[in-house]
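Engineer: Build me a model:
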Amino acid sequence: MQSDEQLEIVDYRGRVIGRAPRNEIHGNPSLLHRVVHVLVINRKGDILLQKRSQRKDVAPGKWDTSVGGHVGIGEDLLSSAKREMHEELGIAGHELE
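Structural biologist: Residues are numbered from 1 along each chain as shown. Predicted coordinates:
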């Protein structure tokens, strides 16, 4: 992921109010942005987790949800979750609950 990637800044209701580079948003807690997280749970109830890379700027080396990522500019939450599922796990065409 590129630090100069543009992300939408949102207000507390999730309404887009601007844009800024990812590194600027991550460096300023007052700049809110949208992310998605997906938990993959099998039929036995096991949850798939991932361990974050040590090179991540947020929570390096920590356990995390199955899938997670930034919502792209103009992208809705469901489309973003499906895109991240495909990018991170190679899973496409599944309905999300």
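
Engineer: From residue 9, how far off is residue 78?
Structural biologist: According to C-beta to C-beta, to the nearest Å, residue 78 and residue 9 sit 21 Å apart. Every C-beta, even on glycine, is put in place using the N, C-alpha and C of the backbone.

Engineer: more crowded one of those two?
Structural biologist: Between residue 78 and residue 9, counted using other C-beta atoms under 10 Å, the more crowded position is residue 9 (18 against 11).

Engineer: The more buried one: which element?
Structural biologist: strand 6-10 (DSSP states H and E).

Engineer: send the alpha carbons of that strand over as PDB?
Structural biologist: Below are the C-alpha coordinates for strand 6-10, written out as PDB (Å, rounded to 0.1, in the frame of the first residue of the first chain):
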ATOM      1  CA  GLN A   6      -5.600   9.200  -1.500                       C
ATOM      2  CA  LEU A   7      -8.400   8.400   1.000                       C
ATOM      3  CA  GLU A   8     -11.700  10.100   1.700                       C
ATOM      4  CA  ILE A   9     -12.000  12.000   5.000                       C
ATOM      5  CA  VAL A  10     -15.400  11.500   6.600                       C
END
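
Engineer: which helices and strands does that strand pack with?
Structural biologist: strand 16-21, helix 22-26, strand 32-33 (3 or more C-beta pairs under 8 Å, 6 or more residues apart in numbering; DSSP states H and E).

Engineer: From the opening residue of stretch 25-44 to its closing one, how far?
Structural biologist: 39 Å (C-alpha to C-alpha, to the nearest Å).

Engineer: Pick out the residue nearest the middle of the protein.
Structural biologist: residue 69 (1.7 Å; C-alpha atoms, centre = their mean).

Engineer: Next, give phi and psi for that residue.
Structural biologist: phi 180, psi 170 (degrees, to the nearest 10).

Engineer: rewinding a little: now do the buried residues in the strand holding residue 9.
Structural biologist: Using 16 or more other C-beta atoms under 10 Å as the test for burial, strand 6-10 gives 7-10.

Engineer: returning to what we had before: would you turn the helices and strands packed on strand 6-10 into JSON lines with mean pLDDT and mean neighbour count?
Structural biologist: Shown next, in JSON lines, are these (pLDDT from 0 to 100; neighbours: other C-beta atoms under 10 Å):
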{"stretch": "strand 16-21", "mean pLDDT": "98", "mean neighbour count": "13"}
{"stretch": "helix 22-26", "mean pLDDT": "94", "mean neighbour count": "16"}
{"stretch": "strand 32-33", "mean pLDDT": "98", "mean neighbour count": "15"}
